[in-house]
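Engineer: Coordinates only, no sequence provided:
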């Protein structure tokens with residue numbers, strides 16, 4: 001039985017890149033602008049209506065994340081064409097990248113699904129994952145799901161991250177005990 005290699009809280013986030021629609025390369029976990037942290041939301045792809053809903057919901061919290069110095073990036077294994085089609089159903093102002101490879105999905109320790117049919121999609125795809133990378137390139141928060149129904153509630157997530165980021169709380173990376 002093959003075991004996946006899950007990233008551990010506190011690990012250095014791996015250097016992985018994907019592509020934005022303008023053709024530029026984006027490095028996952030590397031904050032843009034004047035932010036010092038990045039939340040990387042991995043989603044299943046355009047075939048998933050729950051992903052569409054969740055990505056649109058993330059937009060409602062984009063400013064709350066920005067106010068606490070956290071940049072947002074969404075990424076999937078979709079092709080450029082699939083992302084272009086998906087954008088017709090999205091109303092977001094944060095970067096979305098495409099082309100996450102199966103090898104990159106494995107590096108991130110994501111669950112990977114095989115499409116049920118050609119109508120669903122034309123490639124194996126990652127199930128949802130969230131990786132919040134701090135200013136030191138360390139994985140500060142991780143949430144990995146094996147299905148689209150279990151994802152962090154964005155209000156609780158944005159409030160929790162604001163609390164973690166408040167220096168007066170001295171909140172460490174949790175879940176780092178090695179066993």
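Structural biologist: Cool, the structure landed. All figures in this text were calculated on a predicted structure; none of them were measured in a lab.
Engineer: Pull out the buried positions in the host helix or strand of residue 56.
Structural biologist: Using DSSP states H and E, residue 56 sits within helix 49-67. Buried residues in helix 49-67, counting neighbours by 16 or more other C-beta atoms under 10 Å, are found at 51-52, 54-55, 58, 61-62, 64-65. In short, each C-beta sits where N, CA and C put it, glycine included.
Engineer: so can I have CSV of the residues you listed showing distance to residue 176?
Structural biologist: As requested, those are exported to CSV (distance: C-beta to C-beta, whole Å):
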residue, distance to residue 176
51, 30
52, 34
54, 28
55, 30
58, 27
61, 26
62, 29
64, 26
65, 23
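Engineer: Go through those and name the one nearest residue 97.
Structural biologist: Distance to residue 97 across these (C-beta to C-beta) is lowest for residue 55, with 12.3 Å.
Engineer: residues contacting that closest one?
Structural biologist: 41, 43, 74, 90, 92, 96 (C-beta atoms under 8 Å, 6 or more residues apart in numbering).
Engineer: pretty sure residue 145 is in contact with residue 113, am I right?
Structural biologist: No. Using C-beta atoms under 8 Å as the test, residue 145 is too far from residue 113 to be in contact (11.1 Å).
Engineer: Please enumerate the shared neighbours of the two.
Structural biologist: Here residue 145 and residue 113 have residue 127 as joint contacts, going by C-beta under 8 Å, 6+ apart.
Engineer: Which is the succeeding secondary structure element to the helix holding residue 56?
Structural biologist: Trace forward from helix 49-67 with DSSP H and E and the next one is strand 70-75.
Engineer: Tell me which strands that next one pairs with, and in which orientation.
Structural biologist: Sheet pairing of strand 70-75 (DSSP bridges) gives strand 37-42 (parallel), strand 96-98 (parallel).
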